[in-house]
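>>> Next come a sequence and a model predicted from it.
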Amino acid sequence: MLRDDGRIPIAALAERIGISRATAYSRVEALLQDGVITGFSARVDPAKVGLSICALVFVTVHPQSWASFREALVEMAEVEYCAVTTGEHDAMLLIRATDVGGVHDFATGVVAGLPEVKAVVSVVVLDEVVRRPYVLPADLPERPSVARLGMTRWTRAAEGRDALPDRG
């Protein structure tokens, strides 16, 4: 319910779920205290505020330069989302711009100009088909297991490996 309407009054939330207001309030407070709910915000349509262009910028970073790359990234207002990735590139940025020239200027003039960056590839998004603020475990359907021939298999790090110092 809160995912669909984060501004719903506690009384209305309690009524829709079929619990008392006190119980609804306690549950919401517990979700906030436990860090399950990390905040409330408005969802803005980027195109309606002039950011009609969305692009993905794939970045390959020089080894040992992650710390400074991350610091620079946090300061870039164009970046809506960043994920560190596996595969050919090290990071994927989702950016917004007013026009394609803005994407070009950002990808080649800002990101590619960083000394930490080895390569940049950008693609313009033609249509955002699915955009969810988050997914819950209850949203995931049961799926039959399939043979994973040729697919990546994840292996946990060796004991104590996760405690190694960050070398940037």
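Looks like it arrived, so ask away. Residues are numbered from 1 along each chain as shown.

>>> SS state for residue 93?
strand (DSSP: H, G, I helix; E, B strand; the rest coil).

>>> For residue 2, see how far away it is.
According to C-beta to C-beta, to the nearest Å, residue 93 and residue 2 sit 29 Å apart. Any C-beta I mention is one placed from the backbone N, CA and C, and that applies to glycine too.

>>> Neighbour count: these two, which is higher?
Higher neighbour count among residue 93 and residue 2: residue 93, with 22 against 13, using other C-beta atoms under 10 Å.

>>> got a list of what the more buried one touches?
56, 57, 58, 59, 73, 79, 81, 82, 111 (C-beta atoms under 8 Å, 6 or more residues apart in numbering).

>>> For the third one, what are phi and psi?
To tie it back to what came earlier, the one meant is residue 58. With angles defined as degrees, to the nearest 10, residue 58 sits at phi -100, psi 130.

>>> Quickly list what it is bridged to.
On the basis of DSSP bridges, residue 58 is bridged to residue 92, residue 121.

>>> Neighbours of it, how many?
19.

>>> ok, it touching residue 94?
No: with contact defined as C-beta atoms under 8 Å, residue 58 does not count as touching residue 94 (10.8 Å).

>>> All the helices of this structure, in order from the start?
With helices called from DSSP state H, the chain shows them at 10-17, 21-33, 66-74, 100-104.

>>> Serialize these to a markdown table and add fields for mean neighbour count and mean pLDDT.
Listed next are the helices of the chain as a markdown table, based on neighbours: other C-beta atoms under 10 Å; pLDDT from 0 to 100:
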| stretch | mean neighbour count | mean pLDDT |
| --- | --- | --- |
| helix 10-17 | 15 | 94 |
| helix 21-33 | 14 | 95 |
| helix 66-74 | 15 | 93 |
| helix 100-104 | 15 | 96 |
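
>>> Which one of these lies nearest to residue 127?
Of all the helices of the chain, it is helix 100-104 that lies closest to residue 127, at 15.3 Å by C-beta to C-beta.

>>> on that earlier part again, buried subset of the contacts of residue 93 as a ChimeraX selection?
In ChimeraX, this line selects whichever of the contacts of residue 93 come out buried by 16 or more other C-beta atoms under 10 Å:
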select :56,57,58,59,73,79,82,111
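
>>> so which of the contacts of residue 93 comes closest to residue 133?
Nearest to residue 133 among the contacts of residue 93, with distances taken as C-beta to C-beta, is residue 81, at 11.7 Å.
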